[in-house]
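Engineer: Based on what follows, work out the 3D shape:
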Amino acid sequence: MGNSEQKIKKIALIGNPNVGKSVLFSRLTGVRVLVSNYPGTTVEFLKSKITIDGDEVEIVDLPGTYSLEPNVPAEEVAVKMLTDVDLIINVIDATNLERNLYLTMELLETKHPMIIALNMSDELKHRGISINKDDLEKLLGVKVTLTSGITGVGIKQLKENINKANPVNVATRTHQQRWIEIGTIVDKIQRLSHRHHTFLEILEDASVNHWWGFVIAVGAIFISFKVVRFIGEGLINYVLDPFFNSIYLPFLEYLSGLLNSGSFLHSILIGHLIEGKIDFQQSMGVLTTAPYVELVMVFPYVLAFYLLLSFLEDSGYIPRLALLLDNIMHKLGLHGFAIIPVLLGFGCNVPGILGTRILESKRERFIASTLISIGIPCAALQAMIVGILGGFGGRYVALVYAVLFIVWLFLGAAMNYFLKGYSPELFLEIPPYRMPSLKLLLKKVFYRIRGFIIEAMPVVLASVLVINVLQQIHLFEFISGLFGPVLSFVFGLPKEAIWVLIVGILRKDIAAGMLIPLDLTIKQLVIACVVLSMSFPCIATFVIFMKELGMKRLIQATMIMLAITMLVGGALNMMM
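Structural biologist: Numbers count the residues shown, from 1 in each chain. Okay, the predicted model is just below:
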């Protein structure tokens, strides 16, 4: 390592949020990591191994931080991790040099061996910026490499510079002294040339404008729903449904004949025959309804949702939406940054609640996690809601979303009023709009979808199996008779619907599918969808909620959930 004989055992990648650290980490290591274009992607550190001159070296990707004086838990993790590393790779956004160099000054003062990756260098020319890399190296005393995580430019040189790193003997400076030195450095090595604003830059400004930003947000949400529905329905109608009916169904019919209708094994694997035929939506068999619901009715919409969310993340729109919604979110006891876990919750509540780690206080995390659990239906449940209510007209689907949105607003405002504490101001660095890398975008979608299938399929199969076994021992009838009258009085639902809510604790999509054979009216279907969305989240969400916030907070959220679900469901029953 330069003039030192000490071998490198551990390298830390550190920089401001949204400078492309995770992309560089992926380039250096080939590790399967989600990379996104908004601050706070890596709330926990990621680690892997790389080979330097034949030696295996650990490399960690630390959470983004603006300073070594942490303000949020994610920044605390980054500062703590620096204490036991042998070398620092400081990743800097080349298009925002002045802002990024403050952390660099602090890192130099730690006297760790260090090199700098001047990332996003491919955008310098487009922005009329030129940087003298050699002069920057002389002024800072460390090796500097121009890199681009998206294109891979400079990655090889960056890796070669690791063995050229040396500690720099820099005295500790005051806050003001650092900024004065940064100003001097930038004046010497950076040149700006006049250029006209591009269309993307005009759009960047409009996206955070009070009026135009709202118009763009409404348009983006409208187009998003259209795109998700177009992709989802296209996959269902032209790929998956034909496959199940033309190829998979004949196999099941043959198996059904071998097992003899009415036998215990037939009831478990195939389920009940509807008018003598297998009905993928109603038979409730482990080999019929379970895979059909998950792979045909749910998977296409989840795929479309994650594809769109990944595009919005990597294009740079999500931080602008966070800034735009900051005032509204403050009314709910949060700041605009909370829109990130909320959007993740629309895919799955589990990563949504995990995403609340980017919020600064436990109060904020509790409010956000409770709102996600009660007012944000996951993609799997949304797919079923659209499938069940869509045939009656889009207005009924819109009604369910409208009710959930109103509950989300009022519940957030109520918790903000009654819970002690405050919402901190939003300090968010807005990245430029970028065209996402298709390879990285598809990689992100692949790993998210893979995670969804690995998590969902075993639970779906187990849920259908449990339902069938309970039906065989006639436990349904007993519990329906016990709680059915209360359900009918409050929500106006038949006693059989009690099992929909119970199964919803395991999987919401399977539970929603159980509404189909109950022959409910449109009023009952709307109420059932709202109550199912707001009532107990799936078991995985429960576990993560308890792990992140503790049993006391989980019990509090559950009490809130029961009260608000009874209130809203009962009100809908009286009003519709």
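
Engineer: which non-adjacent residue is nearest F25?
Structural biologist: For F25, the nearest residue in space outside its immediate sequence neighbours is D61; the separation is 4.0 Å by C-beta to C-beta, 6 or more residues apart in numbering. To be clear about C-beta, it is placed using only N, CA and C from the backbone, and glycine gets the same treatment.

Engineer: how deep is the one you found tucked in, by neighbour count?
Structural biologist: Close neighbours of D61, defined as other C-beta atoms under 10 Å, add up to 32.

Engineer: what's the answer for P537, then?
Structural biologist: Neighbour tally, P537, other C-beta under 10 Å: 28.

Engineer: beta partners of the residue nearest to F25?
Structural biologist: Residues in a beta bridge with D61, per DSSP bridges, are L13, L46.

Engineer: M297 contacts N237, doesn't it?
Structural biologist: No - the pair M297 / N237 is not scored as a contact, 12.0 Å apart, by C-beta atoms under 8 Å.

Engineer: Settle it for me: which of the two has more neighbours?
Structural biologist: The neighbour count for M297 versus N237, taken as other C-beta under 10 Å, is higher for M297 (25 against 11).

Engineer: Number of residues surrounding F25?
Structural biologist: Neighbours of F25 (other C-beta under 10 Å): 26.

Engineer: still on that earlier bit, shouldn't the residue nearest to F25 be in contact with L28?
Structural biologist: No - using C-beta under 8 Å, D61 makes no contact with L28, being 9.2 Å away.

Engineer: Grab the longest helix from this protein for me.
Structural biologist: Taking DSSP state H as the criterion, the chain has its longest helix at helix 438-472.

Engineer: so what secondary structure elements neighbour it?
Structural biologist: helix 264-269, helix 289-292, helix 299-315, helix 498-504, helix 508-513, helix 539-549 (3 or more C-beta pairs under 8 Å, 6 or more residues apart in numbering; DSSP states H and E).

Engineer: which of the residues in stretch 137-147 are buried?
Structural biologist: Neighbour counts over stretch 137-147 (16 or more other C-beta atoms under 10 Å) mark E137, L140, V142, K143, V144, T145, L146, T147 as buried.

Engineer: Just confirm the fourth one contacts A165, I think it does.
Structural biologist: It refers to K143. Yes - the pair formed by K143 and A165 meets the contact definition of C-beta under 8 Å, at 6.5 Å.

Engineer: Dump stretch 182-199 to PDB, keeping only the CA atoms.
Structural biologist: Taking only C-alpha atoms (Å, rounded to 0.1, in the frame of the first residue of the first chain), the coordinates of stretch 182-199 have been written out as PDB:
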ATOM      1  CA  ILE A 182     -13.000  23.900  -0.600                       C
ATOM      2  CA  GLY A 183     -13.700  27.300  -2.300                       C
ATOM      3  CA  THR A 184     -10.000  27.700  -3.100                       C
ATOM      4  CA  ILE A 185      -9.700  24.200  -4.600                       C
ATOM      5  CA  VAL A 186     -12.900  24.500  -6.700                       C
ATOM      6  CA  ASP A 187     -11.700  27.900  -8.100                       C
ATOM      7  CA  LYS A 188      -8.400  26.300  -9.200                       C
ATOM      8  CA  ILE A 189      -9.500  23.000 -10.800                       C
ATOM      9  CA  GLN A 190     -13.100  23.500 -12.100                       C
ATOM     10  CA  ARG A 191     -14.200  25.500 -15.100                       C
ATOM     11  CA  LEU A 192     -17.800  26.200 -16.200                       C
ATOM     12  CA  SER A 193     -18.800  27.000 -19.800                       C
ATOM     13  CA  HIS A 194     -22.000  28.700 -20.800                       C
ATOM     14  CA  ARG A 195     -24.600  26.400 -22.400                       C
ATOM     15  CA  HIS A 196     -28.300  26.500 -22.900                       C
ATOM     16  CA  HIS A 197     -30.600  24.500 -20.700                       C
ATOM     17  CA  THR A 198     -31.600  21.100 -22.100                       C
ATOM     18  CA  PHE A 199     -35.200  19.800 -22.100                       C
END
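
Engineer: State the mean pLDDT of that stretch.
Structural biologist: For stretch 182-199, mean pLDDT rounds to 84.

Engineer: what comes into contact with that stretch?
Structural biologist: By C-beta atoms under 8 Å, 6 or more residues apart in numbering, the residues outside stretch 182-199 that reach it are 97-98, 101-102, 105, 126-132, 135-136, 139-140.

Engineer: At which residues are the strands of this structure located?
Structural biologist: Assigned by DSSP state E, the chain shows strands spanning 10-15, 46-52, 55-61, 87-93, 114-119, 129-131, 143-146, 190-192.

Engineer: domains for this structure, by residue range?
Structural biologist: Segmentation of the chain into domains, based on automatic domain parsing, reads 10-192, 212-422+434-575.

Engineer: Reformat those into JSON lines and put distance to D205 next to each item.
Structural biologist: Listed next are the domains of the chain as JSON lines, based on distance: least, C-beta to C-beta, whole Å:
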{"stretch": "domain 10-192", "distance to D205": "14"}
{"stretch": "domain 212-422+434-575", "distance to D205": "8"}
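
Engineer: Of those domains, which is nearest L200?
Structural biologist: Proximity to L200 (C-beta to C-beta) singles out domain 212-422+434-575 among the domains of the chain, at 8.5 Å.

Engineer: Please compute how far that closest one lies from its chain's middle.
Structural biologist: Mean C-alpha position of domain 212-422+434-575 versus that of the full chain (C-alpha atoms, centre = their mean, to the nearest Å) differs by 15 Å.

Engineer: how long is it end to end?
Structural biologist: 36 Å (C-alpha to C-alpha, to the nearest Å).

Engineer: Tell me how many other residues surround L258.
Structural biologist: If you count neighbours by other C-beta under 10 Å, L258 ends up with 8.

Engineer: how close does it get to I268?
Structural biologist: Computed as C-beta to C-beta, to the nearest Å, the L258 to I268 distance reads 14 Å.

Engineer: List the buried residues of stretch 60-73.
Structural biologist: Buried residues in stretch 60-73, counted by 16+ other C-beta under 10 Å: V60, D61, L62, P63, G64, T65, Y66, L68, P70, V72, P73.

Engineer: who's in contact with the first one?
Structural biologist: When you say that, I think you mean V60. Residues near V60 by C-beta under 8 Å, 6+ apart: K10, I11, A12, L13, F45, L46, K47, M81, V85.

Engineer: would you list those in a markdown table and tack on distance to G316?
Structural biologist: A markdown table is the format used below for the contacts of V60 (distance: C-beta to C-beta, whole Å):
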| residue | distance to G316 |
| --- | --- |
| K10 | 32 |
| I11 | 28 |
| A12 | 26 |
| L13 | 21 |
| F45 | 24 |
| L46 | 22 |
| K47 | 27 |
| M81 | 27 |
| V85 | 30 |
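
Engineer: Any quick PyMOL command for the buried ones out of these?
Structural biologist: Of the contacts of V60, the buried ones go into a single PyMOL selection, burial set by 16+ other C-beta under 10 Å:
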select buried, resi 11+12+13+45+46+47+81+85
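
Engineer: where's the dip in pLDDT among the contacts of V60?
Structural biologist: Lowest pLDDT of the contacts of V60: F45, 63.

Engineer: That's all I had, so thanks and see you.
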